[in-house]
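Colleague: Sharing a sequence plus its predicted fold:
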Amino acid sequence: MRAVCLQEQGGIDKLILDENFPDPVVGDGQVIIRVKATSLNYHDVFTCRGMPGIKLPLPIIPGLDVAGEIVELGSGTSDWKVGDRVLVNPLDPTDPTKGLMGEMLNGGTAEYCLVDAPRLIRIPEGCSYEQAASLPVAYGTAHRMMFANGGISGGERVLILGASGGVGSCCVLLAKMMGCEVVACGSSQEKLEALTSWGADHVINYKEEDFVKWIWNKFTKPHRRKFEGGVDVVINFTGGDTWVNSFKVTRRGGKILTCGATAGFDPKTDLRYVWSFELKVLGSNSWLPEDLERLMQLISEGKLSPIVDTVLPLEQTAEGVRMLEDREVIGKIIITP
């Protein structure tokens, strides 16, 4: 089969199109799917570059988010049939020690993919392969952070940092779906225009404006004796220099939600804000199958449409990963083998 694989780590140039990669062989409790779409994530950049403490079983086919059609069944898969449309959960909900698809197991940048049956989630009518493949890492993470852990409700004022990427764009869409007032941060005029088109009520170019001063000027400075000023919720998965400033714009009793730290995981924290303003700092890690099922239901009901930046053929996978690394993307990049 045709597959884009990583023969060695070191850079995006190590992603090679192999016209004769060995076809997968189905085993007990497994299925083979014909890949219809896979979406790229910044995790694929880390896979190419290498991550401390993680040794990959090279060669490896990247691509964590995979959707396709079942073409072959192993024994013990009676709940499924050839022709079923499925989304692959990159995490095995029954055995997390098996690792991620696209990292420790071959992923979706190939014509076919071998999948353990517990990872399969049925794609409902009204949800395309491309839409389903957009979901797991970015949208699943955002959904769990905002609802299962964050408890966001309609009417709240929400500041979203890094709003134009995969996770951020989903946060914008879900917050607006809930009826929140959304303040979204981006790094260029093009991204601000995109954020506005997705429904953001206010946009801030964080490269040109201090978002703390912007929030204070627009909504007044939070008051530690009153439940007013600032925003109700800050969604911050960037970390780094933005972390301390997130505390400065959150109203008394407000929440700061995080699911990552793309700009630095060890920032300074001023604990005085936490107790003085009774702030709640809530972490969230990955997603559960029910998050992905709910997201596909929202798509099929016409309530959610994932933001897709670009659809590329298999042979342009490396270019898609480069676009991600260079921050040229607004939304998701989809690969169609």
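Modeller: Cool, got the structure.
Colleague: switch to C-alpha atoms for all contacts and neighbour counts from now on
Modeller: Fine.
Colleague: and after the helix-or-strand element of the chain with minimal mean pLDDT, which helix or strand comes next?
Modeller: For the chain, scoring each helix and strand by mean pLDDT, DSSP states H and E identifies helix 42-49 as the least confident one, at a mean of 90. From helix 42-49 onward toward the C-terminus, using DSSP states H and E, the following helix or strand is strand 65-73.
Colleague: Now the helix or strand hosting A194: average pLDDT?
Modeller: The secondary structure element spanning A194 is helix 189-197 (assigned by DSSP H and E). Averaging pLDDT along helix 189-197 gives 94.
Colleague: now the helices: where do they sit in this structure?
Modeller: Chain-ordered helices for the chain, with DSSP state H as the definition, fall at 42-49, 129-133, 141-143, 166-177, 189-197, 211-219, 242-248, 271-276, 289-300, 317-325.
Colleague: Tell me which of these lies nearest to C113.
Modeller: Closest approach to C113 among these is made by helix 129-133 (13.7 Å; Cα to Cα).
Colleague: Other residues contacting that closest one?
Modeller: Residues from elsewhere that reach helix 129-133 (Cα atoms under 8 Å, 6 or more residues apart in numbering): 36-39, 65-68, 87, 123, 296, 299, 305-306, 334.
Colleague: pLDDT value on the spatially most central residue of the chain, please?
Modeller: Relative to the mean C-alpha position of the chain, the nearest C-alpha, by Cα atoms, centre = their mean, is the one of A138, at 1.0 Å. At A138 the predicted local confidence, pLDDT, stands at 94.
Colleague: That one contacts V167, doesn't it?
Modeller: Yes: under the criterion of Cα atoms under 8 Å, A138 makes contact with V167 at 4.5 Å.
Colleague: Give the residue farthest from the middle of this protein.
Modeller: Largest centre distance within the chain, by Cα atoms, centre = their mean: R225, 36.8 Å.
Colleague: how about that one, what does it touch?
Modeller: Contacts here follow Cα under 8 Å, 6+ apart; on that basis R225 touches R252.
Colleague: same question, R49
Modeller: With contacts defined as Cα under 8 Å, 6+ apart, R49 is in contact with Q9, G10, G11, I12.
Colleague: Tabulate those (a markdown table), appending distance to M323.
Modeller: Compiled in a markdown table, those are given as follows (distance: Cα to Cα, whole Å):
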| residue | distance to M323 |
| --- | --- |
| Q9 | 18 |
| G10 | 17 |
| G11 | 13 |
| I12 | 11 |
